[in-house]
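*Asks:* requesting a structural model of the entry that follows:
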Amino acid sequence: MEIGSIYEIDPNTFSDAAAYDASVFTLKEIKKYNKIHTAFTGSGREAIALALKAITKNRPNIRKTALLPAYMCDSVFWPFERGGWELHFYHVDKQLEAEKENLFVQIENLNPGLLFIHPYYGSDTWKPLRPMLKTWQSEGICIMEDVTQSYYLADTEWNADYIIGSLRKWYPVPDGGFAVSNEPFPEEFCAGNRSFIETKLDLLTKKWNYFHTSCSPEEKQEQKKAFMAKNREMEEWLDHYEEISPLSKESMQILSGLKEDQYKNRRNENCRYLLQQTIGKTKFSPVFAKENTIESVNAPLYFPVYAENRDDLQKFLVSQGIYAPVLWPVGKENEKLLTQAEQKIYQQILALPIDQRYGLSEMQYIAQALIEYEGVKSPCSDVPCPLPQIQDTKSEVIAIRADANADVATGHIMRCITIAKQLQKKGKKVLFFTADEYPFELLTKNGMEYVCLHTPWNQMEEELPILCRELKKHGCWKLLADSYQVTVNYFDCLRKVCKIIYIDDCFTALYPVDLIVNYNAYHLRFPYEKAYKGKARLLLGTSYVPLREEFQLSACPSYKTTGTLKHVLISCGGGDVYNALYGILIKAVENRELSSCIFHVIIGSFNKNAAKLEALAKEHPDIMLHYNVSNMAELMGQCQIAVSAAGTMLFELCAMQVPTVFYVCADNQQYDSDFFANENRMLFSGDIRQNREACIDKILTNIILLLNDENMQQQMKRKLHEVTDGKGAERIAEEIVNL
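*Replies:* Okay, the predicted model is just below:
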């Protein structure tokens, strides 16, 4: 697990940035400042530079003397120096509040033209002195406020003349800063630096690939070294950049798609959790530990702590994969002016990552690392421990390890959700563990709790330390695994922590597990009984097909379609890697023999071709797109026939007795062709991976054949009825409970 460091960028979030309309760009959070003019820049320091130019132009007689806090990033000083401003500093205390007496004396003696204020780490550290701002403004002092660490700060009077901030510190963008004011900004933008933007995008997408592609640990390390070195190079270049660039269209496009409220809530949750975990420690303590201060903290940039030996703590956290930056190194402009309290701030403060990439599991991981650093033995040690004797079986937590993304079909996690619901009915708590956040919407929709491991989905052995720790932490002594990426060593390690149930579709190895499930009819191809005799309990055959309750025959009403129109259901799973839906539909709408058909098309959560399908549906009213179908059985029951990729959905169609045309698109589906095609249970159209066009043509031929042969449809229905009764999930859950 890695927590912190630079953001990664999904390359799909800025695919057509050149066409983005910059004139409509805005951000909800910036509207709260209630200023007339807004300017978006390449960085926070460029926003300062633009604001200073505006001040000089709007207030030509201003004294170019600026009073800034002594605790500040030195990059803030540079725009002032380049603009010919004389810098002076006021002091701050350990709570990061301005020292009132010192500030008043400085203002009286200097009569500065500009006062620069900075609410630190999501707390309005200027709240006690905000009433004075209007007084100083009436005396001709311009107030500039930097909200870079407190972008989400709320319930505050935003009465500064200029408010600036960095956006690139908060979000996965190559550049970003802003300035707002009631005074106009000059047109001081240069053309922008495309080389910087393109290089930055390249390195941040490389970090995305670092997390989401598979390669050896050595290659991973080389990738990381490369993009981190390039990032340092780009930041050094920016330090010497004196132009003012406009915000890039790539950043606008990414920012316009962000869920700011959701991100704010996530940061607040993370902040509150770490606050609870860090109070009362001896080697470190939260900066904002006073009761009245805690309540005022709003979704900060980082969670700050004071550490007795800051560098030692930082190194320890790095060894645990946690990257906490030092904010900030002392600048040459103020290094000789610091009070003893300010020197300690610079020497002891460390910023813990709490941004929106992370949730409870990552915060627990950070808290556990801090506890270990404190010297308290961790209950989540990686040292293997024997399985505990659980006395109260009602309180046990059953873990499920599954993924769903553009490469992993949603059928895996859906069948696990079905089993999970049956476990919940039996009074068990269920907790999902996923490699990434892709399945969260699906899990949330189904009321499931989950923990994100933030690990490569296709390199499962890399997740073992964190997964073992999380299993112990949450009291999970049984684990249901559903992935083709598992290894014998993976299960060997996990078996030291919990009992293991594995859904095994392919019999690729003899796994050290306690319970094997293969509900496919083709399980007879494999020597399960001989291989696992005396080693694992076996649940084999179609009586264990884990269909959702809506497909249980006792609960399903009999739907009938009336009228001359023929309704055809088409589904290709969650991702549709081979773009089968579009290929089928574009030919179907041009085929006269299918002119009386209505095509009900299920769009999976990870379908990258949804936009093309939507455009096609707009041109052809006989195409009806369905998203997030809440009752699949009902939709199936309204259709005369179906087209589907092989997999669990074929069993669902059996339960609903829907005559079906199917094809194969994955290794685990290849044996389905034998069983379902046998005795004409369904019509097989080939493997789309081998010849896409031929497979699609065969699908169209079989659709026409099946629609025109009602006798074949009736024969299919009788045979499909015999395949499953839909109660497999209940049987699996019972076996897991009794394991």
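*Asks:* which residues touch Leu539?
*Replies:* Neighbouring residues of Leu539 by C-beta atoms under 8 Å, 6 or more residues apart in numbering: Leu515, Ile516, Val517, Asn518, Tyr519, Arg731, Ile732, Glu735. All C-beta atoms are positioned from the backbone trio N, CA, C, and that covers glycine.
*Asks:* please identify, among those, the one with the most neighbours.
*Replies:* Val517 (27 neighbours; other C-beta atoms under 10 Å).
*Asks:* kindly export the strand or helix carrying that one (C-alpha atoms) in CSV.
*Replies:* Assessed by DSSP states H and E, Val517 sits inside strand 515-518. C-alpha atoms of strand 515-518 as CSV (Å, rounded to 0.1, in the frame of the first residue of the first chain):
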residue,chain,number,x,y,z
LEU,A,515,-14.2,-24.9,0.7
ILE,A,516,-14.3,-25.0,-3.2
VAL,A,517,-17.4,-23.8,-5.2
ASN,A,518,-17.8,-24.5,-8.9
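*Asks:* residues near Asn298, how many?
*Replies:* Neighbour number of Asn298 under other C-beta under 10 Å is 21.
*Asks:* tell me the SS of it?
*Replies:* Here Asn298 is recorded as coil under DSSP: H, G, I helix; E, B strand; the rest coil.
*Asks:* ok so, going back, okay, the contacts of Leu539 in a markdown table with pLDDT and distance to Met252 next?
*Replies:* Output for these, formatted as a markdown table (pLDDT from 0 to 100; distance: C-beta to C-beta, whole Å):
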| residue | pLDDT | distance to Met252 |
| --- | --- | --- |
| Leu515 | 97 | 52 |
| Ile516 | 97 | 52 |
| Val517 | 97 | 48 |
| Asn518 | 96 | 50 |
| Tyr519 | 93 | 49 |
| Arg731 | 95 | 53 |
| Ile732 | 97 | 49 |
| Glu735 | 96 | 53 |
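*Asks:* now, which of the residues you listed sits nearest Gly42?
*Replies:* Val517 (54.4 Å; C-beta to C-beta).
*Asks:* what residues are up against the closest one?
*Replies:* Ile501, Tyr502, Ile503, Asp504, Leu539, Leu540, Tyr544, Ile732.
*Asks:* can I get the residues you listed in CSV including distance to Asp202 and secondary structure?
*Replies:* What follows is the contacts of Val517, written out as CSV (distance: C-beta to C-beta, whole Å; DSSP: H, G, I helix; E, B strand; the rest coil):
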residue, distance to Asp202, secondary structure
Ile501, 43, strand
Tyr502, 40, strand
Ile503, 39, strand
Asp504, 41, coil
Leu539, 49, strand
Leu540, 50, strand
Tyr544, 48, helix
Ile732, 46, helix
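*Asks:* closest one of those to Gly573?
*Replies:* Of the contacts of Val517, the one sitting nearest to Gly573 (C-beta to C-beta) turns out to be Ile503, at 16.6 Å.
*Asks:* count of neighbours near the closest one?
*Replies:* Neighbours around Ile503, by other C-beta under 10 Å: 22.
*Asks:* tell me how this protein divides into domains.
*Replies:* 3-10+24-251, 260-374, 396-547, 556-721 (automatic domain parsing).
*Asks:* and those domains: which comes nearest Ala17?
*Replies:* domain 3-10+24-251 (4.3 Å).
*Asks:* quick one: end-to-end distance for that closest one.
*Replies:* 23 Å (C-alpha to C-alpha, to the nearest Å).
*Asks:* average model confidence for it?
*Replies:* Per-residue pLDDT values over domain 3-10+24-251 give a mean of 94.
*Asks:* in the stretch 151-300 of the chain, which spans are strands?
*Replies:* 162-166, 177-181, 284-286 (DSSP state E, counting those that start in this stretch).
*Asks:* give me the residues contacting the last one.
*Replies:* Same thing as strand 284-286. 274-275, 278-279, 303-308, 313, 350, 370, 373-374.
*Asks:* biggest separation within those residues, which pair?
*Replies:* It's Leu275 and Glu308 that sit farthest apart of those, by C-beta to C-beta, at 18.8 Å.
*Asks:* between these two, which one's more packed in?
*Replies:* Shown here are Leu275 and Glu308; by other C-beta under 10 Å, Leu275 has more neighbours (16 against 12).
*Asks:* measure the nearest residue to Asp622 once chain neighbours are set aside to Lys429 for me?
*Replies:* Residue nearest to Asp622 in three dimensions, not counting chain neighbours: Ile598, with 5.4 Å by C-beta to C-beta, 6 or more residues apart in numbering. Distance of Ile598 to Lys429, given as C-beta to C-beta, to the nearest Å: 43 Å.
*Asks:* same check on Glu222?
*Replies:* Counting by C-beta to C-beta, the gap from Glu222 to Lys429 is 42 Å.
*Asks:* tell me which of those two has more neighbours.
*Replies:* Lys429 (17 against 11).
*Asks:* isn't the more buried one right up against Glu396?
*Replies:* Yes - Lys429 is within contact range of Glu396, at 7.5 Å (criterion: C-beta atoms under 8 Å).
*Asks:* look up which helix or strand Ala54 falls in, please.
*Replies:* helix 44-58.
*Asks:* and the contacts of strand 284-286, which of them are buried?
*Replies:* Buried by 16 or more other C-beta atoms under 10 Å: Leu274, Leu275, Thr278, Phe303, Pro304, Val305, Tyr306, Ala307, Leu313, Leu350, Leu370, Tyr373, out of those.
*Asks:* how many neighbours does the residue lying closest to the fifth one once chain neighbours are set aside have?
*Replies:* Yep, that's Pro304 we're talking about. Nearest residue to Pro304, sequence neighbours excluded (C-beta to C-beta, 6+ apart): Val287, at 4.2 Å. Val287 is flanked by 25 other residues according to other C-beta under 10 Å.
*Asks:* surely Val287 and Tyr121 touch.
*Replies:* Yes - distance between Val287 and Tyr121: 6.6 Å, which falls inside the contact criterion (C-beta under 8 Å).
*Asks:* name the residues contacting each of these two.
*Replies:* Leu96, Pro304.
*Asks:* I figured Lys53 hits Pro184, correct?
*Replies:* No - counting by C-beta under 8 Å, Pro184 is not a contact partner of Lys53; they are 11.0 Å apart.
*Asks:* neighbour-wise, which of these two wins?
*Replies:* Lys53 (16 against 12).
*Asks:* burial check on the residue lying closest to Lys230 once chain neighbours are set aside, number of neighbours?
*Replies:* Residue nearest to Lys230 in three dimensions, not counting chain neighbours: Leu203, with 4.6 Å by C-beta to C-beta, 6+ apart. Neighbours of Leu203 under the rule other C-beta under 10 Å: 21.
*Asks:* SS state for the residue positioned nearest the centre of the chain?
*Replies:* For the chain, the residue nearest the mean C-alpha position is Glu437 (4.2 Å; C-alpha atoms, centre = their mean). Under three-state DSSP, Glu437 falls in the coil class.
*Asks:* any idea how far it lies from Asn708?
*Replies:* 46 Å.
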